[in-house]
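S.K.: Next input, structure requested:
(2 chains)
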Amino acid sequence: MSLYDDLGGAAAVEAAVDIFYRKVLSDERISRYFDGVDMERQAAKQKAFLTMAFGGPNNYTGRDMQAAHAHLVAAGLNDSHVDAVIENLGATLKELGVGDDKIAQVAAIAESVRDAVLSRSKAS
Amino acid sequence: MTRVRYGELEVTLQEGETVLAALERAGARVASSCRIGACQACLLRAEAGDPGAKAQEGLRPAQRERGFFLACVSRPSGDLEVATEAAPRIAAEVAAVEDLGAAVVRVRVRVLEDIIYRAGQYVQVERADGLVRAYSLASVPAEDSLLELHVRVHPQGQMSRWLAAARPGTPLHLRGPSGECFYTEGRPEQPILLAGTGTGLAPLLGIARDALRRGHTGPLTLVHGAREPGGLYAEDVLRDMCSRHPNLRVVRCALAGAAAGVETGDVVEVAVRAAAPLKGARVFLCGGPEQVAALRKRCFLAGASLKEISADAFHSAPAPASA
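M.R.: Predicted coordinates:
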């Protein structure tokens, strides 16, 4: 079984989105990146992100992630913010009763897009 | 041979092809992004036909009932008619106009053609000269033969002042209905919070009446807020509903100014307090954009699932340039 199936697939993502969204909205380090008028669209983006991080099907290329965050990088988005997101992701999974081993696997997938998100070429 | 119609376009689906791919192949410009049924950028509405269960996964019950679906994962087995932007235009006339207080009038409209709507949805009201404004529906189709709108009469309101003075028989057109703020069956014991400001009461009243009519047994909490007590209206209607339905509780509040039966406070605080706990609750929010956004965020942070929150923000048209 894949990590995604192990975690519970689409149903797990559904359960995680609300919890994750509440956490980032309440996290002063990064809430401004998630706060805004259109909560539905934000939730949809997070659902897509979580699907990818859970090892699920995704069509994001490195370029998409980079393009989507470029304007934020220009305005100061940095490693500390990515750290905070991955931290909240872990806390969400812990709240859902997911074991440390699986949490580490999810974190690793999220880590793999750090450079794209921050418009950095991978360290050689 | 499965055909998809989208406005004037008609395309036959190829083996295993999705509706999105087929429409794009036919030259239509349909928004899309993730193409795996997650982001909802490709959300379309089927006016006829079945888009397939997979294409409605992740959508709310109200959206599914209206035929919304995700084109990128839709592989229908039968013909599909996809709605384009324009909603049907329905001939109608003013039936009656009554003053409800607080500068609000109740406008009852007689439709001269068929309309299918759910209490809480909204319609575009179109005057003969082309002026258009949206108003939510307080009426319940099964109970009311006339449509009911609550119209706040603004000092410079073009549509609102015209409607307030309209004589019975005045012709107009309606477009719609639109909106997903309506009651869906399936969870009769679910707690429901209905919160709003000003004429947001209209759709909330409609939804509450609709829910109770359909046998909702769970607790309903209706919170109506205004800046000051003079902005509240329909107290008698609400009191009457409460006397007939023990599971309905009404809280009226104002930011400032005291009045009998009116709590002092911000509608956001009052609503969250009155309906706690919000986990598992269904939430309907209608009224001014800032209040609705604040209510949505607070209810979500207080435990309500985003999927269970339906909201309609009422935007006022900008005032005309000349006085």
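
S.K.: Please make it C-alpha for all contacts and neighbour counts, starting now.
M.R.: Noted.

S.K.: and A:Ser121, what is it in contact with?
M.R.: A:Asp115 (CA atoms under 8 Å, 6 or more residues apart in numbering or on different chains).

S.K.: Tell me where the model's unsure across chain B.
M.R.: Along chain B, the model assigns pLDDT under 70 to residues B:86-87, B:317-323.

S.K.: Who does the longest strand along it pair with, and is each partner parallel or antiparallel?
M.R.: Using DSSP state E to define each element, chain B has its longest strand at strand B:89-101. Using DSSP bridges, strand B:89-101 pairs in its sheet with strand B:104-111 (antiparallel), strand B:171-178 (antiparallel).

S.K.: buried ones in it?
M.R.: B:89-97, B:100 (16 or more other CA atoms under 10 Å in any protein chain shown).

S.K.: in which helix or strand would I find the residue of chain A at minimum distance from chain B?
M.R.: With CA to the nearest CA, the shortest gap between chain A and chain B falls at A:Ala44, namely 4.8 Å. Remark: A:Ala44 resides in helix A:39-53, with elements defined by DSSP states H and E.

S.K.: distance between that helix and the chain's centre?
M.R.: Centroid separation for helix A:39-53 versus its chain: 8 Å, with CA atoms, centre = their mean, to the nearest Å.

S.K.: contacts for it?
M.R.: A:10, A:13-14, A:16-18, A:21, A:34, A:57-58, A:106-107, A:109-110, B:34, B:38-40, B:306.

S.K.: just the buried members of these?
M.R.: Of the contacts of helix A:39-53, these count as buried by 16+ other CA under 10 Å: A:10, A:13-14, A:16-18, A:21, A:34, A:58, A:106-107, A:110, B:34, B:38-40, B:306.

S.K.: where's the residue sitting furthest away from the middle of chain B, which helix or strand?
M.R.: The C-alpha centroid of chain B is most remote from B:Glu15, which lies 37.8 Å away (CA atoms, centre = their mean). For B:Glu15, there is no helix or strand it lies in under DSSP H and E.

S.K.: before we move on, the earlier item: give me the contact status of the helix or strand that the helix holding A:Ala44 is followed by with chain B.
M.R.: Following helix A:39-53 in sequence order, the next helix or strand is helix A:62-74 (DSSP H and E). No: interface with chain B: helix A:62-74 contributes nothing (CA under 8 Å from any CA of the partner chain), its closest point being 10.0 Å away.

S.K.: same for helix A:62-74, what does it pack against?
M.R.: helix A:114-117 (3 or more CA pairs under 8 Å, 6 or more residues apart in numbering or on different chains; DSSP states H and E).

S.K.: near chain A, which residues of the stretch 1-150 of chain B show up?
M.R.: B:34-36, B:38-40.

S.K.: Got phi/psi on the residue of chain B found nearest chain A?
M.R.: Here the residue of chain B nearest chain A is B:Cys39; by CA to the nearest CA that distance is 4.8 Å. The phi/psi pair for B:Cys39 (degrees, to the nearest 10) reads phi -90, psi -20.

S.K.: ok, and the closest non-adjacent residue to it?
M.R.: Nearest non-adjacent residue to B:Cys39, counting by CA to CA, 6 or more residues apart in numbering or on different chains: A:Ala44, 4.8 Å away.

S.K.: what number of residues lie near B:Pro246?
M.R.: By other CA atoms under 10 Å in any protein chain shown, the residues close to B:Pro246 number 11.

S.K.: Kindly confirm my reading that it is in a helix.
M.R.: No: using DSSP: H, G, I helix; E, B strand; the rest coil, the assignment for B:Pro246 is coil, not a helix.

S.K.: tell me which parts of the stretch 201-323 of chain B are close to chain A?
M.R.: Residues of the stretch 201-323 of chain B lying near chain A by CA under 8 Å from any CA: B:293, B:300-301, B:305-306.

S.K.: Which one (most neighbours) among those residues?
M.R.: Among these, the one with the most neighbours (other CA under 10 Å) is B:Phe300, at 24 neighbours.

S.K.: so which strand or helix has it?
M.R.: Per DSSP H and E: helix B:289-301 holds B:Phe300.

S.K.: buried sites along that helix?
M.R.: B:289, B:291-293, B:295-301.

S.K.: out of these, who's nearest B:Leu232?
M.R.: For the buried residues of helix B:289-301, the closest approach to B:Leu232 (CA to CA) belongs to B:Gln291, at 15.4 Å.

S.K.: how about that closest one, what does it touch?
M.R.: The contact partners of B:Gln291, taken as CA under 8 Å, 6+ apart, are B:196-197, B:267-268.

S.K.: What about those residues, which are in helices?
M.R.: Counting by DSSP state H, the part of the contacts of B:Gln291 found in helices is B:267-268.

S.K.: which non-adjacent residue is nearest B:Val73?
M.R.: B:Ala55 (5.3 Å).

S.K.: What values do phi and psi take at the residue farthest from the centre of chain B?
M.R.: Here is the backbone geometry of B:Glu15 (degrees, to the nearest 10): phi -50, psi 120.

S.K.: Count the neighbours of the residue of chain A closest to chain B for me.
M.R.: Neighbours of A:Ala44 under the rule other CA under 10 Å: 17.

S.K.: Could you do the one 5 residues further on as well?
M.R.: A:Phe49 is surrounded by 20 other residues when neighbours are defined as other CA under 10 Å.

S.K.: Would you check how far apart it and A:Asp83 are?
M.R.: Taking CA to CA, to the nearest Å as the criterion, A:Phe49 is separated from A:Asp83 by 15 Å.

S.K.: Check B:Ala293 too.
M.R.: From B:Ala293 over to A:Asp83 the distance is 28 Å, taken as CA to CA.

S.K.: Determine which stretch of the strands paired with strand B:89-101 is the most buried.
M.R.: Mean neighbours per residue, mean count of other CA atoms under 10 Å in any protein chain shown, is largest over the strands paired with strand B:89-101 for strand B:104-111, with a mean of 22.
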